[in-house]
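1. fold the following.
(one chain, ligands or ions: 2)
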Amino acid sequence: MATIELFNTLGGKIEPLAPVGTPALRMYCCGPTVYDYGHIGNFRTFLHVDVLRRVLRQQGIPLNHVMNITDVDDKIIRNAAAAGVPIAQYTARFERAFFEDLDALSIEHPEHFSRATGCIPEMVALIEKLAAKDIAYQTEDGSWYFRIARFPEYGKLSKKDFGGIEDGARVDVDEYEKDAARDFALWKAVKPGEQFWESPLGPGRPGWHIECSAMATKLLGEDIDLHAGGEDLMFPHHENEIAQSESASGKPFVRHWMHVRFLLVEGKKMSKSEGNFYTLRDLLLKGFRASAIRFLLISVPYRNQMNFTFDSLIESTNAVDRLRTFHQRILKGSAAGSGGFPDGLNPDIAAATAKAEQDYTAALANDLNTAEARAAIFDLVRAANSAADAGTLRAENAAQILKVLALFDGVFAVLEDKDAAITRAALVWAEAEGRISEADPSIVATLSFSDADIDALVAERTRAKKTRNFARADAIRNDLLAKGILIEDSKDGVRWKRK
Ligand code: AMP
Ligand code: ZN
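-> Ligands and ions are numbered 1, 2, ... in the order given. Reported below is the predicted structural model:
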């Protein structure tokens with residue numbers, strides 16, 4: 001089995017990652033809180049976990065990966081109450097949107113999704129276990145808290161020194177200040193008008209932190225190989241998960257912690273008030289392609305903070321185009337009988353191909369260095385394109401190059417062009433939500449034709465040219481052009497593309 005090395009927040013250094021105790025690597029990733037549409041920062045984190053999944057699989061490591069769906073928390077309760085609907089009705093819509101967005105970004109589904117509201121009995125049982133050890137305690141209003149003075153290792157993940165922990169100082173919100181070590185809520189007593197669950201702890205609902213401890217243990221066991229999330233979750237969320245789980249089981253909870261650093265937008269924290277807050281759907285409606293968004297968000301290694309800019313998204317669109325054009329060129333050139341590349345092998349290109357494969361694999365195995373992995377493949381694109389231009393690329397080279405491209409695409413997943421269908425689905429959604437006015441008019445026009453419509457018009461134009469009906473041929477070409485669809489006549493025949 002090959003090895004991969006990954007930075008471990010707990011150990012503070014790069015360490016080998018491998019399953020322990022079971023053949024499959026047991027990994028848990030904090031999933032979305034389904035109170036709104038996912039933004040590109042959320043997807044940066046989920047995309048890098050997808051990269052990790054794909055790299056591990058390429059290395060032959062089987063996976064048992066859980067992603068939770070937080071469908072009850074402070075924000076959900078607040079928003080559902082404001083909308084005057086039960087929380088399940090409120091979250092269903094955003095959960096559906098989340099799954100659509102995962103698919104649009106080619107993010108693989110983990111082996112298990114787990115909804116928090118589907119695991120309330122396990123959360124209650126975990127709190128009861130902590131209560132039996134006098135680590136969880138109940139306050140007068142009926143809520144239950146975790147007594148952090150009983151967990152001396154509190155702070156070991158985020159490397160915070162909470163020397164002067166004030167015993168009994170409490171916090172009941174799910175997210176709280178970075179410098180405060182406070183007893184945090186495990187179970188929140190019901191408040192008037194709020195949804196609640198009956199339980200031996202009294203009527204109430206779980207706190208956010210206990211959700212993940214209970215779901216990870218239920219599906220993966222008490223000690224797991226890897227736990228991932230965005231860097232903001234390190235404290236208090238993950239620190240609290242460790243305190244709960246280790247106090248209950250007496251075992252180390254997680255061997256390897258992976259934290260994806262934040263995405264900034266044009267150098268600033270993304271926020272609605274700054275006007276720099278983008279969901280995936282916002283970008284699709286602006287005319288950017290899903291593949292380019294995926295490629296951009298994974299091209300900056302997960303341990304670097306990433307600055308999102310529109311210039312970089314345009315650059316990413318061009319990069320994906322280049323890769324696809326290259327892929328098509330090699331495919332066509334290697335196709336038998338197409339008058340493509342001549343037989344035999346060009347040893348220089350064979351060496352460049354082997355080097356690209358080696359550099360690509362080494363970069364990803366070294367703490368998922370996606371930037372270097374990408375650069376290795378573009379080196380190959382440059383070398384092979386030059387050889388093909390000079391007529392020195394040969395059929396055996398093409399076969400080797402296609403293998404390396406397949407390896408690369410097993411992780412980067414951008415070669416297959418599903419972009420138009422994804423954007424068309426986003427337009428249908430925008431129409432239904434009354435947000436179609438936000439869509440860039442040119443994409444609305446371009447996508448008003450399906451691929452089959454365009455194929456039919458292009459064929460009609462070819463027929464018109466054959467019968468010397470140039471007026472009709474030109475009219476079709478100009479109509480399509482006005483809708484952003486470009487017809488190109490080349491030696492190999494007629495092609496079209498959306499601009
Ligand atoms: P949430 O839906 O807010 O619970 O967040 C889902 C995931 O996205 C968590 O792992 C967060 O840490 C992560 N996340 C939130 N904002 C950002 C950001 N700006 N950049 C990267 N990851 C983020
Ligand atoms: Zn979590």
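2. do you know how far Lys269 is from Gly38?
-> 17 Å (C-beta to C-beta, to the nearest Å). All C-beta atoms are positioned from the backbone trio N, CA, C, and that covers glycine.
3. what about these two, which has more around it?
-> Gly38 (22 against 12; other C-beta atoms under 10 Å).
4. correct me if wrong: that one contacts Glu100.
-> No - applying C-beta atoms under 8 Å, one finds Gly38 not in contact with Glu100, separated by 10.0 Å.
5. for the host helix or strand of Ala384, packing partners?
-> Assigned by DSSP states H and E, Ala384 belongs to helix 370-390. Contact partners of helix 370-390 among helices and strands, from 3 or more C-beta pairs under 8 Å, 6 or more residues apart in numbering; DSSP states H and E: helix 290-299, helix 310-334, helix 347-365, helix 395-412.
6. now mean pLDDT and distance to ligand 1 too, for these, in JSON lines please.
-> As requested, the helices and strands packed on helix 370-390 are exported to JSON lines (pLDDT from 0 to 100; distance: least, C-beta to the nearest ligand atom, whole Å):
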{"stretch": "helix 290-299", "mean pLDDT": "98", "distance to ligand 1": "9"}
{"stretch": "helix 310-334", "mean pLDDT": "95", "distance to ligand 1": "15"}
{"stretch": "helix 347-365", "mean pLDDT": "98", "distance to ligand 1": "20"}
{"stretch": "helix 395-412", "mean pLDDT": "97", "distance to ligand 1": "19"}
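7. so which of these gets nearest Phe253?
-> helix 347-365 (25.9 Å; C-beta to C-beta).
8. just want the angle from the closest one to helix 395-412.
-> Using axes from the mean of the first three to the mean of the last three C-alpha atoms, to 10 degrees, the inter-axis angle of helix 347-365 relative to helix 395-412 is 10 degrees.
9. what domains does the record give for this protein?
-> 5-260, 311-412, 419-498 (automatic domain parsing).
10. what's the local residue count around the residue of the stretch 301-450 of the chain found nearest ligand 2?
-> Of all residues in the stretch 301-450 of the chain, the one sitting closest to ligand 2 is Tyr302 (17.3 Å; C-beta to the ion). Residues lying near Tyr302 (other C-beta under 10 Å) number 27.
11. now the residue of the chain found nearest ligand 1. Nearest residue, chain neighbours left out?
-> With C-beta to the nearest ligand atom, the shortest gap between the chain and ligand 1 falls at Gly230, namely 2.0 Å. Of all residues not flanking Gly230 in the chain, Thr45 sits nearest, at 4.4 Å (C-beta to C-beta, 6 or more residues apart in numbering).
12. how about that neighbour, what does it touch?
-> Ala228, Gly229, Gly230, Val260 (C-beta atoms under 8 Å, 6 or more residues apart in numbering).
13. what does Glu15 show for phi and psi?
-> As for Glu15, its main-chain torsions (degrees, to the nearest 10) stand at phi -140, psi 150.
14. for it, which non-adjacent residue is spatially closest?
-> For Glu15, ignoring the flanking residues on the chain, the nearest one in space by C-beta to C-beta, 6+ apart is Asn8 at 4.7 Å.
15. and what of Ser312?
-> Leu296 (5.9 Å).
16. not counting its own residues, what contacts the lowest-mean-pLDDT helix or strand in the chain?
-> Counting by mean pLDDT, DSSP states H and E, the weakest-scoring helix or strand in the chain turns out to be strand 170-171, with a mean of 76. Contacting residues not belonging to strand 170-171 are listed as Thr139, Tyr145, Ala180, Arg182, Asp183, Phe184, Ala185 [C-beta under 8 Å, 6+ apart].
17. all the strands of the stretch 201-350 of the chain, residue numbers only.
-> Secondary structure of the stretch 201-350 of the chain (DSSP state E, counting those that start in this stretch): strands located at 204-206, 224-230, 254-260, 263-265, 268-269, 306-308.
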